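Visitor: please work out how this folds:
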Amino acid sequence: MTENSHKMTKLASQVVVLAYDGLCTFEFGVAVEIFGLPRPEMGEHWYRFAVGCS
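Guide: As a prediction, this is how the structure comes out:
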């Protein structure tokens, strides 16, 4: 863990990535890679992740 991780609040932030027609899959994949995969080294309350569409 990093030194700053001890100062983080226990509430997880919510990240929602929008999926739509014509979506650039590279940028979508980057967001999923950063926020959607488990990050145990960052602690239990990293980010809550969801994909939204209409």
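Visitor: so Glu33 versus Asp21, what's the distance?
Guide: According to Cβ to Cβ, to the nearest Å, Glu33 and Asp21 sit 22 Å apart. In this view, the C-beta of every residue, glycine as well, is placed from N, C-alpha and C.
Visitor: ok, these two, which is more surrounded?
Guide: Taking neighbours as other Cβ atoms under 10 Å, Glu33 and Asp21 compare with Glu33 leading, 9 against 6.
Visitor: residue contacts, the residue nearest to the spatial centre of the chain?
Guide: Note on the chain: the residue nearest the mean C-alpha position is Phe35, at 1.9 Å, using Cα atoms, centre = their mean. With contacts defined as Cβ atoms under 8 Å, 6 or more residues apart in numbering, the neighbours of Phe35 are Val15, Val17, Tyr47, Phe49.
Visitor: equivalent analysis for Gln14, please.
Guide: Tyr47, Arg48, Ala50.
Visitor: of all those, which comes closest to Glu41?
Guide: Tyr47 (13.5 Å; Cβ to Cβ).
Visitor: and that closest one, what pLDDT?
Guide: For Tyr47, the pLDDT comes out at 86.
Visitor: correct me, but it touches Val16?
Guide: No. At 10.3 Å, Tyr47 does not count as touching Val16 under the criterion of Cβ atoms under 8 Å.
Visitor: around Tyr44, how many other residues sit close by?
Guide: Slight slip there: residue 44 is Glu, not Tyr. Glu44, neighbours per other Cβ under 10 Å, totals 9.
Visitor: now swap in Met42 and tell me
Guide: 13.
Visitor: for it, grab phi and psi.
Guide: With angles defined as degrees, to the nearest 10, Met42 sits at phi -100, psi 0.
Visitor: same deal with Phe28?
Guide: phi -60, psi -50.
Visitor: could you find the closest non-adjacent residue to it?
Guide: Counting by Cβ to Cβ, 6 or more residues apart in numbering, Val17 is the residue found nearest to Phe28 once chain neighbours are left out, at 6.3 Å.
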